[in-house]
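Q: Predicted model, plus sequence, below.
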Amino acid sequence: MSAAFFSALSHLECSRTGAVSDADVLQGTSEAGVPLLARYDLDRVKASVKRAEIADRAPDLWRYRELLPVRDERHVVTLGEGMTPLLDLPRYGAQLGVPGLRMKDEGLIPTGSFKARGAAVGVSRAAELGVTGIAMPTNGNAGAAWAVYAARAGMRSLIAMPVDAPEITRAECVVAGAELYLVDGLIGDAGKIVAAAVRERTGYQEVSTLKEPYRLEGKKTMGYEIVEQLGWRCPDVILYPTGGGVGIIGIYKALLEMRELGWLTGDLPRLVAVQAAGCAPIVDAYERGATESVAPAKSHTVAFGITVPKALGDFLVLEAVRATEGTAIAVTDEELLAAQGDLARAEGMFICPEGAACFAAVDKLRESGWLRGDEDVVVLNTGAGLKYPETVRVDVPTLPVDGRIPAAGEPWSDSE
């Protein structure tokens, strides 16, 4: 990965006030208490890197290294993350009335979810800045990813997750040597416990969602990849399952960077924030015309990864949706579980419930007419369905050793 320069990182910028901070000093949020955004010397990138050169690089997210925050490639912590496939869905798209439907499958990335992107870049930059331990609350997948990448970097990790978090993600943390705690509450409750613990530990950085600047930079590479995989053009619509919102904020950031670099021309895709009806503060704020969300009194959904009652970057999600003339939509657990099964039967793909929420949203948006049906539509599946075995009920016959499988169309009888 040698290059004349590795990163064009320039500074950090407050996402609300625009105030500038030093990117080479360990940072959390801005003085205004909101996320810091990494900024790059895009003129330098434009003069030094042509998008055609990207194709000759390794097929991982570090192919966009000049637009990532790690200054020295020796600090890169990687498990080969990135360049997940962008798959056509001809049969399922036809069923939904959207023939141009595609899926970006993040279930194939290390740790089985898109969280590996943020962990790879966040851990790499933390190591470069001298951090020796990371700490975070999580709904499951992020903690698993950061624990694995921390182990890869030789760092310690402290993870707290709600007691209802998927059991598989707990196992990922434990096997990677994380100090793991379960909290009898939601992710916000876990966050308060982690913040208190970090204040008492030397060398640890709290890496909660958007409370450090670099997870976002890893997530934005999904936007770069989608555009590159489509021949350096945008789809018409991108749907994203939205909890903390880092992915949709990152994709929007990538689109703006590419446009400024001249790597992308024309209209940006309409961005759609998809939430579960049991926890839909962004949708509520969008429908009210508000710039920030209000946490619901209760939150519950099988799509555990998007159970975020109050996102720190909610105003940035709403900005991305409105600036691209997108929308925000909620689907029920029944709708998303039905979509999960429909996709698997049509295309052979077992996806996570969060990704399935987006396909349920495609169905609703097509039915309402918001989608005409002739658009190029990309859905982000953010994780592997295998991490959520509880979403599929397996109720099938058990045959005796001398049993017989019924002929096609023959009804099954327990007496056989």
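A: Received the coordinates, thanks.
Q: give me the low-pLDDT residue ranges for the protein?
A: Within the chain, the segments meeting pLDDT under 70 span 1-4, 414-416.
Q: Now do the strands in it.
A: Using DSSP state E, the strands assigned to the chain run over residues 9-14, 20-21, 36-40, 86-88, 101-105, 133-137, 156-162, 179-183, 204-206, 237-241, 270-276, 327-331, 377-381.
Q: And the third one, what does it pack against?
A: The contact analysis (3 or more CB pairs under 8 Å, 6 or more residues apart in numbering; DSSP states H and E) places strand 36-40 against strand 9-14, helix 215-229. (C-beta placed from N, C-alpha, C; glycine too.)
Q: just the angle between the longest one and strand 377-381, please?
A: Translated: helix 215-229. Between the axis of helix 215-229 and that of strand 377-381 there is an angle of 140 degrees, by axes from the mean of the first three to the mean of the last three CA atoms, to 10 degrees.
Q: So which bits of helix 215-229 are buried?
A: Judged by neighbour count (16 or more other CB atoms under 10 Å), helix 215-229 contains these buried residues: 215-229.
Q: Give the other helices and strands that it contacts.
A: Using 3+ CB pairs under 8 Å, 6+ apart, the elements in contact with helix 215-229 are strand 36-40, strand 86-88, strand 101-105, helix 115-128, helix 246-261.
Q: Show me what counts as buried in the second one.
A: The reference is to strand 86-88. By neighbour count with 16+ other CB under 10 Å, strand 86-88 contains the buried residues 86, 87.
Q: So what touches that strand?
A: Counting by CB atoms under 8 Å, 6 or more residues apart in numbering, the neighbours of strand 86-88 from elsewhere in the structure are 101, 102, 103, 104, 105, 225, 226, 229, 230, 347, 349, 378.
Q: Could I get these in JSON lines, plus columns for distance to residue 271?
A: What follows is the contacts of strand 86-88, written out as JSON lines (distance: CB to CB, whole Å):
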{"residue": "101", "distance to residue 271": "16"}
{"residue": "102", "distance to residue 271": "15"}
{"residue": "103", "distance to residue 271": "16"}
{"residue": "104", "distance to residue 271": "14"}
{"residue": "105", "distance to residue 271": "19"}
{"residue": "225", "distance to residue 271": "16"}
{"residue": "226", "distance to residue 271": "12"}
{"residue": "229", "distance to residue 271": "17"}
{"residue": "230", "distance to residue 271": "16"}
{"residue": "347", "distance to residue 271": "24"}
{"residue": "349", "distance to residue 271": "23"}
{"residue": "378", "distance to residue 271": "10"}
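Q: Which parts of this structure are helices?
A: 42-48, 51-54, 90-96, 115-128, 141-153, 167-175, 187-199, 215-229, 246-261, 281-288, 314-323, 333-347, 353-368 (DSSP state H).
Q: now the fourth one and strand 36-40, what's the angle there?
A: If I follow you right, that is helix 115-128. Computed by the same axes, to 10 degrees, the angle between helix 115-128 and strand 36-40 is 80 degrees.
Q: now the helices of the chain as TSV including distance to residue 268?
A: Output for those, formatted as TSV (distance: least, CB to CB, whole Å):
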stretch	distance to residue 268
helix 42-48	17
helix 51-54	17
helix 90-96	22
helix 115-128	21
helix 141-153	27
helix 167-175	33
helix 187-199	30
helix 215-229	10
helix 246-261	5
helix 281-288	18
helix 314-323	8
helix 333-347	26
helix 353-368	18
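Q: Mind checking the ones you listed for the one nearest to residue 209?
A: For those, the distance to residue 209 is smallest for helix 246-261, at 6.0 Å, taking CB to CB.
Q: Run the chain-centre distance for stretch 303-314.
A: Shown here is stretch 303-314, whose average C-alpha point lies 12 Å from the average C-alpha point of the whole chain (CA atoms, centre = their mean, to the nearest Å).
Q: Do me a favour and get the end-to-end distance for it?
A: Stretch 303-314 has an end-to-end distance of 19 Å (CA to CA, to the nearest Å).
Q: go on, stretch 152-168?
A: By CA to CA, the extent of stretch 152-168 from end to end equals 19 Å.
Q: What residues sit buried inside it?
A: In terms of neighbour count (16+ other CB under 10 Å), stretch 152-168 has its buried residues at 152-153, 155-162, 164-166, 168.
Q: List the contacts of residue 296.
A: Under the criterion of CB under 8 Å, 6+ apart, the neighbours of residue 296 are 279, 280, 281, 284, 309.
Q: now with 6 Å?
A: 281, 309 (CB atoms under 6 Å, 6 or more residues apart in numbering).
Q: quick one: it from residue 285, how far?
A: Between residue 296 and residue 285 the distance is 11 Å, computed by CB to CB, to the nearest Å.
Q: Residue 93 now?
A: In this structure, residue 93 and residue 285 are separated by 30 Å, where distance is defined by CB to CB.
Q: and if you look at residue 250?
A: 20 Å.
Q: what about these two, which has more around it?
A: Between residue 250 and residue 285, counted using other CB atoms under 10 Å, the more crowded position is residue 250 (27 against 21).
Q: Pretty sure that one sits against residue 220.
A: Yes - between residue 250 and residue 220 there is a contact at 3.5 Å, judged by CB atoms under 6 Å.
Q: In JSON lines: the strands of the chain, plus distance to residue 58.
A: Converted to JSON lines, the strands of the chain look like this (distance: least, CB to CB, whole Å):
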{"stretch": "strand 9-14", "distance to residue 58": "20"}
{"stretch": "strand 20-21", "distance to residue 58": "31"}
{"stretch": "strand 36-40", "distance to residue 58": "20"}
{"stretch": "strand 86-88", "distance to residue 58": "18"}
{"stretch": "strand 101-105", "distance to residue 58": "19"}
{"stretch": "strand 133-137", "distance to residue 58": "25"}
{"stretch": "strand 156-162", "distance to residue 58": "26"}
{"stretch": "strand 179-183", "distance to residue 58": "32"}
{"stretch": "strand 204-206", "distance to residue 58": "28"}
{"stretch": "strand 237-241", "distance to residue 58": "25"}
{"stretch": "strand 270-276", "distance to residue 58": "28"}
{"stretch": "strand 327-331", "distance to residue 58": "36"}
{"stretch": "strand 377-381", "distance to residue 58": "22"}
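Q: Is residue 131 in contact with residue 205, as I believe?
A: Yes - under the criterion of CB under 6 Å, residue 131 makes contact with residue 205 at 4.5 Å.
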